[in-house]
Every structure is written in structure tokens, then in C-alpha cells.
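A.B. asks: how does the following fold in three dimensions:
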Amino acid sequence: MHVAVYLPLLLSLLAAPGARILAERCEPRLATWLLTTSAVVLAAASTASLALLAATGLIRIPPLATIGHWSLQVAQRDDPAELSVAVVAGVLLAAAAFAAAHMMWRRIRSLARAALDAACVPAPDGLMILDDPAPDAFALPGLPGRVVVSTGMLRVLDESEQRILLAHERAHLDNHHYLFVALAQFGAAANPLLRPLAHAATYTVERWADERAAAITTGDRDRVARTVGKAALAVRRTPVRSPVRSPVLGMIGVTGRRSPLSGAGPVPRRVAALLAPPTGRRIGPALITTAVLLAAIVSTGEAALDLHSLLELAGA
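C.D. replies: Predicted coordinates for the structure are as follows:
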């Protein structure tokens, strides 16, 4: 347990470089799955590590040792962590639990609100045209989901570009991208070191939708790139209005009047990726990511077994 309990925390430091590699070198769909899974698994493993470290401090509290029939001498002699480390771990564990619970509550409320809004939108074909001169377009999750596009955005784009935009937004709904982003952000709330994974997942779902739009419309990735850039420039020229709820992609909450098309990921990187040859299914980053996650899971399990052995030894 001396090393194993700390390994998931150390592996979290790989989130920043790992997020960049997965976002840029993997096919967007695969990258999104890997980023989201990494955020969830590393958050769970690091939280478990904090819980195990905090537990080593609890068994050295005399009243608790008496209740559990543990020997304080054995616990102090064989405990893998200093008492100060256990205390710090307990504080961090409480903070992580509070942040994760707060994030989950916000996401549940946003998803429920979005589902209610989608159910109330009169759009039999799943498309709602919003009478608004400001360019805007977003996907509204629900059962069923809705694509909302403003008249201002439709005036900016020609007919083929409108089809690309609608295909992009429908790809968000069809592939449940808001859940990927919500899960990645939930992991980042529990472990702030994982925030790069959440940011990268927000970008890769946009890339995933871009590629899906290219595949099911014109097949012309250059035209999709021009559409993305054109729509983003139109939104950026629009003055920011009073804050409104934006229900798309992870339930961000209160945002300015900015379309998720431009706000969810760096547009220049998306355009550059569309103008470059498609990214193939590279197995190397996936194998490395899998190895890191397995190491986190195995080390957490080993640390838990070691704590169990300590408790049995102290109670003997």
C-alpha cells in the first residue's frame, strides 16, 4: 500500500499531456471515449486513494480503535501513511465529494430542464426555427431532442451550409455528446488535475460532430470547414446580450449569447483538422491509455487489500 495508494494520484498528473495527445492524434469518436473514460476512472481511483489514506488516520483515533477492536500500537507501527498525510487526504476527500455532488446536482437539474424544454418545443421534425436576428444554433437534449436554429443563422448560411449545420447539431443528439461532456466534467470536479481531459472532451465532441456532418452531407470536408468558420465568425460579430441558458453539451449553465458551435471548442483547430487528411484509428494512444487506467485500477485494488490486511492484523 505504501506505493500503490499514491499511484492513482500520480497518474492524474498525466492528464494534461495525455489530453493533448488523444485530442490531436486520435479519431474524434475514439478520442472522446478515451478522454471520458479516463476522467471517470482516474477520478474514481484517486478518490478511492484519498479515502484509503484517510482511513489509515481514522484507525489511529482511540475511540474508533476501541469500537473496531484495533490495536493502536500495531496501527501506528504498520500504517503506511503519516497522520498528517491522512488528515490532508481526509480534507481533500471531503472537498472532492462536495464538488462532485454539486456538479452532479447541477447536471441533473440542467438535463431535466433541457428535457422539459425539448418536450415543450413544437417541432415535429426535430427542428425549431427561432425568430431571432442573432446567429445561433444549438442542440437541445431531451426525449426526443431538438435542434434549435435562429433565423439570423439561416440568413448567414446558404442551403448546403444549412444542411451541414443541421447535421452537426443532430450528430450531437444522436451520439449523446452532452453525456460524454457531463461525465468528463464530473470527473474533473472530483479531481481538478483532470480538467484537461474535460476540456479536451468538449473539443473532441465538436470534432466528432464535424466529421459526422461531413460524412452524411456533402462528403466535402473543406466545405464543412468553411461552414464552421463562417458560422463562428457570424456569432463572434454579434454583441453579447444578457445571459441565457445554454442547454447544449454538458449543461454548462449560464452563458453569454454565444453559440455552442463557436464556444465549445477552439474553432481554428477544428477548421485546420477538417482541412487536413482524416485522422486514422491509431492504436498506440489507445493502448497507452488503457495501460494507464489498468494501472490505476490495479493499484487501487492492491491498496484496498493492504488496508484490509492492516485492519485484520490490528484486530488480531
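A.B. asks: these two touch, right, Arg269 and Ala200?
C.D. replies: No. Under the criterion of CB atoms under 8 Å, Arg269 makes no contact with Ala200, lying 10.9 Å away. (C-beta placed from N, C-alpha, C; glycine too.)
A.B. asks: which of the two has more neighbours?
C.D. replies: Neighbours were counted for Arg269 and for Ala200 using other CB atoms under 10 Å; Ala200 has more, 28 against 14.
A.B. asks: let me know the helix or strand that that one is in.
C.D. replies: helix 195-216 (DSSP states H and E).
A.B. asks: okay, and for the stretch 151-300 of the chain, where does confidence drop off?
C.D. replies: Along the stretch 151-300 of the chain, the model assigns pLDDT under 70 to residues 237-265.
A.B. asks: overlap in contacts of Arg269 and Ala200?
C.D. replies: Residues within reach of Arg269 and of Ala200 at once, by CB atoms under 8 Å, 6 or more residues apart in numbering: there are none.
A.B. asks: related to what we said a few turns ago, buried stuff in the helix or strand following the helix holding Ala200?
C.D. replies: As assigned by DSSP H and E, the chain's next helix or strand after helix 195-216 is helix 221-236. Residues 221, 223-232, 234-235 are the ones in helix 221-236 that count as buried (16 or more other CB atoms under 10 Å).
A.B. asks: again with stretch 271-279
C.D. replies: Buried-residue list, stretch 271-279, by 16+ other CB under 10 Å: Val271, Ala273, Leu274, Thr279.
A.B. asks: just stretch 281-290 next, same as before
C.D. replies: Pro285, Ala286, Thr289.
A.B. asks: and the buried residues of stretch 271-279, which is closest to Leu173?
C.D. replies: Nearest to Leu173 among these is Leu274, at 20.7 Å by CB to CB.
A.B. asks: dead centre of this structure: give me the residue that sits there.
C.D. replies: Per CA atoms, centre = their mean, the C-alpha nearest to the average position across the chain is that of Ala184, at 1.8 Å.
A.B. asks: return the residues in contact with it.
C.D. replies: Applying CB under 8 Å, 6+ apart to Ala184 gives the contacts Leu35, Thr36, Ala39, Val40, Leu197, Ala198, Ala201, Thr202, Gly250.
A.B. asks: does Ala213 touch Ala167 like I think?
C.D. replies: Yes. Ala213 is within contact range of Ala167, at 4.0 Å (criterion: CB under 8 Å).
A.B. asks: just to revisit the earlier point, only the buried subset of the contacts of Ala184, as a PyMOL command please.
C.D. replies: Under the burial definition 16+ other CB under 10 Å, those of the contacts of Ala184 that qualify are selected in PyMOL by:
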select buried, resi 35+36+39+40+197+198+201+202+250
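A.B. asks: CSV for the contacts of Ala184, including distance to Leu173?
C.D. replies: What follows is the contacts of Ala184, written out as CSV (distance: CB to CB, whole Å):
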residue, distance to Leu173
Leu35, 20
Thr36, 17
Ala39, 22
Val40, 22
Leu197, 23
Ala198, 21
Ala201, 17
Thr202, 16
Gly250, 14
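A.B. asks: from the buried residues of stretch 271-279, which land in helices?
C.D. replies: Among the buried residues of stretch 271-279, the residues falling in helices (DSSP state H) are Val271, Ala273, Leu274.
A.B. asks: Cys26: which of those is nearest?
C.D. replies: Of all those, Ala273 has the smallest distance to Cys26: 11.5 Å, by CB to CB.
A.B. asks: unless I'm mixing things up, that closest one is touching Arg207, no?
C.D. replies: Yes. Under the criterion of CB under 8 Å, Ala273 makes contact with Arg207 at 6.0 Å.
A.B. asks: thanks a lot, catch you later.
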